[in-house]
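Undergrad: Okay, sequence plus prediction incoming.
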Amino acid sequence: MNKIEVRGLKKSYIERRTKKRFFSQCRPQEDCKVLDGLTFSIPSGTFACFIGPSGCGKSTMFRIVSGFERPSEGSVLIDGQEVTGPSNRHVCVFQEDGLFPWLTARQNIAMGTEGLKGQQAREEVEEYLELVGLSGFGDHYPHELSGGMRRRAEVARALITNPDILFMDEPFGALDFVTRLQMREEMVNVHQMFDMTILFITHDIDEALQLGDRIIMLSDRPAKVAWDMEIHEPHPRDLSAGDLRQIRKEIYHKMGLHVAL
Amino acid sequence: MVLKKAGLFPIVLAILLLWHLVTAALNVPEFMFPRPLSVAGALWEMLKNGELYRNSVSSLFRVTVGFYLAVVTAIPMGLLIGRQRCLRTILNPLVQFLRPISPLAWIPMALMWFGIGDKPAIFLIFLSSFFPLVVFTTSSVLNIRTTYLRVAENFGLKGFKVYMKVILPAALPEIITALRITLGTAWLVIVAAEMIAVKSGLGYLIIDARNSLRMDMVVAGMVVIGTVGLILDYMVRLLERMPSVEWSRMRR
């Protein structure tokens, strides 16, 4: 059964009339269409990557699918149930830092252990700190950690809730190149260790190629699914190998990029 | 650099010296602007007979009570107004309207309601801190990053827990800044409040000294007010160094 099903998702924002608009020739109250009938379905356990030109509505889609915003039309079903709001079974890692800066890394991760008893919770937190390579940094506040470490702590905080779905919105976008490569590797491990569906938004085509079992490409705004494909290449993947190179070429082509590879 | 290393002491000394030289050179009469030495004499005199201690304590008592009452009411109220749009629509105009009214304008009402003694002064202090604190707290809640609220929602935090675990800590750095500012105003207002209706406090000390034409005591009172104000400010600033608040300074 499909874990996530998105049907005819539309979203438009009514632009506020500003003074400028009032005097200009523009029709007032013109809808700003962001999503124009997105339809896709993702089977359980898939690592699905979404790519698309910047400003195409990827983040809007992310907020709707994860339950933080309502669509104007269409529906999102998770396990056959309509999504009406966020749930702690489906955890998000946001584009910006989502760690609470007033809590230490350990306290942040412990947020996800509600319902567990003291000792058990503490042990679990240590386990997850170690899993993401942060043992020894548990008592550090986020501002005392590097960008990559903060991301790791955030992933740990999401994983410790043992979610069905992990939503990630350009989680590594702000990191430097090498750290990003490391995080890619770790995400592959995470996906293999935990049985969950991952919906991963990125602007980095290589990242999508390296991680995704499935790549869904969105068109320019208003966004539609421009291309939807599966990748069966085993991990770890060599991006310069024939198949992936071919796919990358095609993506570049579909995005209207004419760069030599 | 050199100045920083030398510290405060030489600067204070230089200012005192300049003060003395100017007043002496221009031959300003003592009752217009007393010299540093006579001020020091007045300070010593009031220190010995306990006036200084007694009046400082009664001023600090009133400020503490009034300010504390404002803190425990204004912060929860600001948090609520910041979160609830309908409360904001209803209460914001009222708060915004009352805020620019100087607490001193309330003196007649305060006297009518509370008579004579500590109560009207405490009430004025409360007013002087309450409205700014509500406004500052509200705006600091509105400034909280949406991501934090989304994370809270995602982890299923609801109601009171959202306030205690996310909204208050996220707003706290700005609230502490607001506390610094309002405590400063409270200390400003207490002096004026004590010039009416009470027979103690630093404001009373100044008025009383003026009535007996002891300008050296007036200036000595001012010096004490300034010093205590600095100490109060320093104490609130210590709050800014708490580890769970430091992040807001680190971000920039």
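TA: Good, I have the coordinates. All of these numbers come straight from a predicted model, not from anything done at the bench. Numbering: from 1, shown residues only, chains lettered A, B, ... in the order given.
Undergrad: Next one: the residue nearest to residue B:228 when sequence neighbours are not counted from chain A, what distance?
TA: Closest residue to residue B:228 apart from its sequence neighbours, by C-beta to C-beta, 6 or more residues apart in numbering or on different chains: residue B:56 at 6.4 Å. From N, CA and C alone the C-beta is placed, and that goes for glycine too. Per C-beta to the nearest C-beta, to the nearest Å, residue B:56 is found 35 Å from chain A.
Undergrad: what about residue B:56, which SS state?
TA: Following DSSP: H, G, I helix; E, B strand; the rest coil, residue B:56 is assigned to helix.
Undergrad: count of neighbours near the closest residue to residue A:99 other than its chain neighbours?
TA: Nearest residue to residue A:99 in three dimensions, chain neighbours excluded: residue A:142, at 4.5 Å (C-beta to C-beta, 6+ apart). When counting by other C-beta atoms under 10 Å in any protein chain shown, one arrives at 22 neighbours for residue A:142.
Undergrad: dump the residue contacts of residue A:142.
TA: If you count contacts by C-beta atoms under 8 Å, 6 or more residues apart in numbering or on different chains, residue A:142 has them with A:97, A:99-101, A:105, A:108, A:150, A:153, B:247.
Undergrad: picking up where we left off before, gap between the residue nearest to residue B:228 and residue B:191?
TA: From residue B:56 across to residue B:191, the span is 12 Å (C-beta to C-beta, to the nearest Å).
Undergrad: between these two, what contacts are shared?
TA: residue B:202.
Undergrad: Let's verify the nearest residue in space to residue B:165 that is not next to it in sequence: helix, strand, or coil?
TA: In this structure, residue B:165 finds its nearest non-sequential neighbour in residue B:157, 6.0 Å apart by C-beta to C-beta, 6+ apart. Secondary structure state of residue B:157, per three-state DSSP, is coil.
Undergrad: what sits up against stretch B:90-97?
TA: Counting by C-beta under 8 Å, 6+ apart, B:81, B:131, B:134-135, B:138 sit against stretch B:90-97.
Undergrad: Which residues of the stretch 51-200 of chain A lie near chain B?
TA: Residues of the stretch 51-200 of chain A lying near chain B by C-beta under 8 Å from any C-beta of the partner chain: A:66, A:68, A:85-88, A:91-92, A:94, A:96-98, A:100-103, A:111-112, A:114, A:141-143, A:161.
Undergrad: Next up, the contacts around residue B:242.
TA: Contacts of residue B:242 (C-beta under 8 Å, 6+ apart): none.
Undergrad: What is the most widely separated pair among the contacts of residue A:142?
TA: Maximum pairwise distance among the contacts of residue A:142 (C-beta to C-beta): 14.1 Å, between A:153 and B:247.
Undergrad: near chain A, which residues of chain B show up?
TA: B:145, B:147-148, B:150-151, B:153-156, B:166, B:169-170, B:172, B:243-248, B:250-251.
Undergrad: Write the PyMOL selection for whichever of those residues are buried.
TA: Buried members of the residues of chain B next to chain A, defined by 16 or more other C-beta atoms under 10 Å in any protein chain shown, are picked up in PyMOL with:
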select buried, chain B and resi 147+148+150+151+153+154+155+166+169+170+172+245+246+247+248
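Undergrad: taking the residues of chain B next to chain A one by one, which sit in helices?
TA: Judged by DSSP state H, the residues of chain B next to chain A include B:147-148, B:150-151, B:153-154, B:169-170, B:172, B:247-248, B:250 as members of helices.
Undergrad: Which members of the residues you listed are the farthest-apart pair?
TA: B:153 and B:250, at 25.8 Å, using C-beta to C-beta across those.
Undergrad: Could you pull out the helices in the chain for me?
TA: Just going to use chain A. Secondary structure of chain A, counting by DSSP H: helices at A:19-23, A:58-65, A:105-110, A:118-131, A:147-159, A:177-193, A:205-211, A:242-254.
Undergrad: that answer is for a different chain, and I need it for chain B
TA: B:2-6, B:8-25, B:36-48, B:51-83, B:85-98, B:107-114, B:118-142, B:146-154, B:160-162, B:168-193, B:202-211, B:215-239, B:247-250.
Undergrad: Of these, which stretch is the most buried?
TA: helix B:118-142 (a mean of 23; mean count of other C-beta atoms under 10 Å in any protein chain shown).
Undergrad: other SSEs contacting it?
TA: Judged by 3 or more C-beta pairs under 8 Å, 6 or more residues apart in numbering or on different chains; DSSP states H and E, helix B:118-142 is in contact with helix B:51-83, helix B:85-98, helix B:107-114, helix B:168-193.
Undergrad: just the angle between that helix and helix B:85-98, please?
TA: Computed by axes from the mean of the first three to the mean of the last three C-alpha atoms, to 10 degrees, the angle separating helix B:118-142 from helix B:85-98 equals 130 degrees.
Undergrad: Quick one: low-confidence residue ranges for the stretch 1-150 of chain B.
TA: B:1-6 (pLDDT under 70).
Undergrad: Go again with 80.
TA: B:1-7 (pLDDT under 80).
Undergrad: same thing with the stretch 151-252 of chain B?
TA: Those would be B:197, B:249-252, if you go by pLDDT under 80 across the stretch 151-252 of chain B.
Undergrad: Now do the residue in the stretch 151-261 of chain A that chain B sits nearest to, the pLDDT please.
TA: For the stretch 151-261 of chain A and chain B, the shortest gap (C-beta to the nearest C-beta) falls at residue A:161, measuring 7.5 Å. The model reports residue A:161 with a pLDDT of 89.
Undergrad: coming back round to it: the contacts of stretch B:90-97: which two are farthest apart?
TA: Across the contacts of stretch B:90-97, the longest distance by C-beta to C-beta is 11.9 Å; it joins B:81 and B:131.
Undergrad: that older thread, just the ones of the residues of the stretch 51-200 of chain A next to chain B in strands?
TA: A:91-92 (DSSP state E).
Undergrad: Only the buried subset of the residues of the stretch 51-200 of chain A next to chain B, as a PyMOL command please.
TA: Buried members of those, defined by 16+ other C-beta under 10 Å, are picked up in PyMOL with:
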select buried, chain A and resi 66+68+86+87+91+92+94+97+98+100+101+102+103+111+112+141+142+161
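Undergrad: Count the residues that sit near residue 213.
TA: Chain wasn't specified; assuming chain A. Quick note: residue A:213 (other C-beta under 10 Å) scores 18 neighbours.
Undergrad: ah, no, chain B please
TA: When counting by other C-beta under 10 Å, one arrives at 11 neighbours for residue B:213.
Undergrad: Now do the contacts for it.
TA: residue B:31.
Undergrad: For it, grab phi and psi.
TA: phi 60, psi 30 (degrees, to the nearest 10).
Undergrad: so how far is chain A from it?
TA: The gap separating residue B:213 from chain A is 55 Å, by C-beta to the nearest C-beta.
Undergrad: Equivalent analysis for residue B:9, please.
TA: Taking C-beta to the nearest C-beta, one finds residue B:9 at 35 Å from chain A.
Undergrad: Can you give me the buried ones in stretch A:191-203?
TA: Quick answer for stretch A:191-203 (16+ other C-beta under 10 Å): A:191, A:196-202.
Undergrad: Actually, stretch A:72-88.
TA: Within stretch A:72-88, the residues that count as buried by 16+ other C-beta under 10 Å are A:72, A:74, A:76, A:78, A:83, A:86-87.
Undergrad: Relative to chain B, which of those is nearest.
TA: After measuring these against chain B - C-beta to the nearest C-beta - the closest member comes out as residue A:86, at 4.8 Å.
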